[in-house]
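[1] Predicted coordinates and the sequence they were generated for:
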Amino acid sequence: MRFLFVAIGLLLGGTAVAATPDEVVQQAVRAFAPKAKIEAAQESPVPGFYEAIVGSEFIYVSKDGRYMLDGSAFDVANKRDLTQESRAKVRKVALDKVGPDKRIVFAPKAPLQARHTITVFTDVDCPFCRRFHEQIAAYNAKGIAVDYLFFPLSIHPGADKKAQAVWCSKDREGAFTSAMAGKDPGNATCPNPIAETADLAQSLGIGATPTIIGPDGVQIPNQVAMSPDALAAELDRQAAATAAKN
């Protein structure tokens, strides 16, 4: 949790002439970082401010363009992390655009049905990713489908080649499980989505594996996700919370 808010006076009095959220945010950000890429700008749940994504970070700009805040916004009365809620919405929109042709899916077998589906950014050489996958049958037995997206980390040299070999195998799921058990996946090559899914992870501010994302885009802590029972309970809780809002 980051409480370091940097308030910056952008104008020496007066108000910004820009009318739209995008224009106000661009004017504010470019006063300090002319080359910064603004991914999105929109109304904020914080009264009087717009929220925007710059790179993979959230910032808040006052509607008159005078102040910019860098950090997380909280609704104290309702004990809500407003920034994390916004991040979850961004993740959900982005992940909804990733088709099944870019995922490796482990879903419950008939007659079981998937009650929840999670997305996991994974790395073949990540020890915690391997520990997570060791329990894949238990997750499936709990009605949890797991969609894997490759995110080979630079700290694991050669992980990208292993991911490619897994993806290009005739039995992709079997090759994935073998690689996660430490077996050499070979050196097969073919067109693959690995660079694309890695870029997606970075654009969402993800820097570690495994990163587990729930159906609503909420990131689930690894200490919860590593237990099939705890993960199932948390997904049930999130589903109930979503249903209560609708």
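    Now that the structure is in, tell me what you want to look at. Residues are numbered from 1 along each chain as shown.

[2] buried residues in stretch 88-104?
    Buried positions in stretch 88-104, judged by neighbour count with 16 or more other Cβ atoms under 10 Å: Ala88, Val90, Arg91, Lys92, Leu95, Val98, Lys102, Arg103, Ile104. For every residue, glycine as well, the C-beta is placed using N, CA and C.

[3] after the helix or strand containing Ala195, next one along is what?
    Element membership of Ala195, judged by DSSP states H and E, is helix 194-203. Next along the chain after helix 194-203, taking DSSP H and E as the criterion, comes strand 211-213.

[4] Are there helices or strands packed against that following strand, and which ones?
    Judged by 3 or more Cβ pairs under 8 Å, 6 or more residues apart in numbering; DSSP states H and E, strand 211-213 is in contact with strand 116-122, strand 219-220.

[5] Now do the longest one and helix 194-203, the angle between them.
    Counting by axes from the mean of the first three to the mean of the last three Cα atoms, to 10 degrees, strand 116-122 points 100 degrees away from the direction of helix 194-203.

[6] partner strands of strand 116-122, parallel or antiparallel?
    strand 144-150 (parallel), strand 211-213 (antiparallel) (DSSP bridges).

[7] hmm, who's touching the shortest one?
    Strand 211-213 is touched from outside by 91, 95, 118-121, 132, 151, 201, 219-220, 222, 225, 231, with contacts defined as Cβ atoms under 8 Å, 6 or more residues apart in numbering.

[8] so how far is that strand from its chain's centroid?
    7 Å (Cα atoms, centre = their mean, to the nearest Å).

[9] same question, stretch 221-234
    With Cα atoms, centre = their mean, you get 17 Å for stretch 221-234.

[10] low pLDDT regions in the protein?
    Where the chain drops to pLDDT under 70, the residues are 1-19.

[11] can we see that at 80?
    Within the chain, the stretches with pLDDT under 80 are 1-19, 40, 55-56, 71, 79-81, 245-246.

[12] for it, what spans make up the helices?
    21-30, 82-96, 127-134, 136-141, 159-167, 172-180, 194-203, 222-225, 228-245 (DSSP state H).

[13] With distance to Val54 as new columns, can the ones you listed be given to me in CSV?
    Below are the helices of the chain laid out as CSV (distance: least, Cβ to Cβ, whole Å):
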stretch, distance to Val54
helix 21-30, 6
helix 82-96, 13
helix 127-134, 29
helix 136-141, 35
helix 159-167, 28
helix 172-180, 35
helix 194-203, 12
helix 222-225, 27
helix 228-245, 28
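
[14] ranking the contacts of strand 211-213 by neighbours, who comes first?
    Ranked by the number of neighbours (other Cβ atoms under 10 Å), the contacts of strand 211-213 place Phe151 first, at 27 neighbours.

[15] Report whether the expected contact of it with Gly207 is present.
    No: with contacts defined as Cβ atoms under 8 Å, Phe151 does not count as touching Gly207, sitting 9.3 Å away.

[16] on that earlier part again, the strands paired with strand 116-122 into JSON lines, with extra columns for distance to Glu39 and mean neighbour count?
    Formatted as JSON lines, these follow (distance: least, Cβ to Cβ, whole Å; neighbours: other Cβ atoms under 10 Å):
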{"stretch": "strand 144-150", "distance to Glu39": "19", "mean neighbour count": "23"}
{"stretch": "strand 211-213", "distance to Glu39": "18", "mean neighbour count": "23"}
